[in-house]
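# Test case, fold it:
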Amino acid sequence: MLWRIVTYRLAGEESRHRVAAWRELRRVGAVALQSATWAVPTGDRFDEGLEKTRILVERAHGQVLVFDVDPASGSLGELERLYTDEREAEWVEFRAECDKALAELRSEFTKEKFTLAELDEEEHNVDRLRRWYRDLRAKDIFGAPSAADAEVQLKACAELLEDFAEQVYQARRRP
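Coordinates of the predicted model:
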């Protein structure tokens, strides 16, 4: 895996441009090294995010500099570790959200709140988790330790949602 270092300078005090660049780099999985300095793996999805960042910064009359990391420098292993640590933190957060979704669904079973409105809400929540999972999976190029457990938790959420949908359907059929 080859890496690039991107750094940028933005004029002015307005933070919205800095936030926009920061958000785009985070979206593709770049690793913050310092303020306005990031490490980004190479590859289509990363290159696309880097180009979007370049456009955002230049649109704000800023300057972007991109440097290739020398593969012989010995930095690749450290960059991979930093990158994987970032993904692991995201997987931990994802798993916590799955736990909340499971607890919410179990609570609805306990309350026997088998309504269409509740089903809609729970479906939206699990759909959000599915999108988040796809995004994390696409970024997790080195395989963070919690990824496999996260997949199991997401499947548990989906299965419990299906059980809940069945209960809503049955409740609607009762006179």
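# For E123, which non-adjacent residue is spatially closest?
Computed as C-beta to C-beta, 6 or more residues apart in numbering, the closest residue to E123 that is not its neighbour in sequence is L161, at 6.6 Å. Glycine gets a C-beta too; all of them are placed from N, C-alpha and C.
# Distance-wise, check the one you found relative to H124.
Distance, L161 to H124, by C-beta to C-beta, to the nearest Å: 11 Å.
# more neighbours, the two?
L161 (20 against 10; other C-beta atoms under 10 Å).
# And the helix or strand where the more buried one lies, what's buried?
Using DSSP states H and E, L161 sits in helix 147-173. For helix 147-173, a neighbour-count test (16 or more other C-beta atoms under 10 Å) marks A147, A150, Q153, L154, C157, L160, L161, F164, Q167, V168 as buried.
# Output the residues you listed in TSV; the columns should cover pLDDT.
As requested, these are exported to TSV (pLDDT from 0 to 100):
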residue	pLDDT
A147	97
A150	97
Q153	97
L154	98
C157	98
L160	98
L161	98
F164	97
Q167	96
V168	96
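# mind listing the helices for this protein?
Per DSSP state H, the chain carries helices over the ranges 16-28, 44-59, 76-111, 116-139, 147-173.
# Can I get the second one in PDB? Just the C-alpha atoms.
Meaning helix 44-59. Output of helix 44-59 as PDB, limited to C-alpha atoms (Å, rounded to 0.1, in the frame of the first residue of the first chain):
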ATOM      1  CA  ASP A  44      -9.400   5.200  -6.500                       C
ATOM      2  CA  ARG A  45     -11.700   5.900  -3.600                       C
ATOM      3  CA  PHE A  46      -8.900   7.700  -1.700                       C
ATOM      4  CA  ASP A  47      -7.800   9.600  -4.800                       C
ATOM      5  CA  GLU A  48     -11.300  10.800  -5.300                       C
ATOM      6  CA  GLY A  49     -11.500  12.100  -1.800                       C
ATOM      7  CA  LEU A  50      -8.200  13.800  -2.100                       C
ATOM      8  CA  GLU A  51      -9.300  15.500  -5.300                       C
ATOM      9  CA  LYS A  52     -12.500  16.700  -3.600                       C
ATOM     10  CA  THR A  53     -10.400  18.100  -0.800                       C
ATOM     11  CA  ARG A  54      -8.200  19.800  -3.200                       C
ATOM     12  CA  ILE A  55     -11.200  21.400  -4.900                       C
ATOM     13  CA  LEU A  56     -12.700  22.500  -1.600                       C
ATOM     14  CA  VAL A  57      -9.400  24.100  -0.400                       C
ATOM     15  CA  GLU A  58      -8.700  25.800  -3.800                       C
ATOM     16  CA  ARG A  59     -12.200  27.100  -3.900                       C
END
